[in-house]
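Asks: need coordinates for the following:
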Amino acid sequence: MKTIMLVCSAGMSTSLLVTKMEKAAEAQGIEAKIFAVAEAEAANHLDEIDVLLLGPQVRFLEGNMKKKLEPKGIPLAVINSVDYGMMKGDKVLEQALDLMK
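Replies: As a prediction, the model looks like this:
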């Protein structure tokens, strides 16, 4: 079971993407817990995740989050803006899985 956290401004715009990622994971037989939080809540979940994906609108958090996650060995990346905008759950899931390899 892999735990993937998405972070966006308010946690709202990523909820649809989470649903699409869950469907993609299920179709591929991948067990994953995928959830989205607002940037203000992100720090509360850093000890329970395997990877962190930032929405393009909060890419400015990348440097600060890297400092917190690197010592824990947790990868992070900014979601590709085209995949995010088109809500391509399969592509974003693939990005998360690649980061955990």
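
Asks: does residue 98 count as helix, strand or coil?
Replies: helix (DSSP: H, G, I helix; E, B strand; the rest coil).

Asks: and the longest helix along the chain, which residues are buried?
Replies: Across the chain, the longest stretch assigned as helix under DSSP state H is helix 13-28. With burial defined by 16 or more other CB atoms under 10 Å, the residues of helix 13-28 counted as buried are 13-14, 17-18, 20-22, 24-25. Using the backbone N, CA and C atoms, a C-beta is placed for each residue, glycine as well.

Asks: and what of stretch 30-48?
Replies: Under the neighbour-count rule (16+ other CB under 10 Å), stretch 30-48 has 32, 34-37, 39, 42 buried.

Asks: got it, and stretch 50-64?
Replies: In stretch 50-64, counting by 16+ other CB under 10 Å, buried: 50-55, 57-58, 61.

Asks: show me the strands in this structure, by range?
Replies: 2-8, 32-38, 51-54, 76-78 (DSSP state E).

Asks: how far is the third one from where the chain is centred?
Replies: The chain centroid and the centroid of strand 51-54 are separated by 3 Å under CA atoms, centre = their mean, to the nearest Å.

Asks: can you show me the CA trace of it as CSV?
Replies: Only the C-alpha atoms of strand 51-54 are listed here, as CSV (Å, rounded to 0.1, in the frame of the first residue of the first chain):
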residue,chain,number,x,y,z
VAL,A,51,5.2,10.7,-2.0
LEU,A,52,4.0,14.3,-2.2
LEU,A,53,2.7,15.9,-5.3
LEU,A,54,2.1,19.6,-5.5
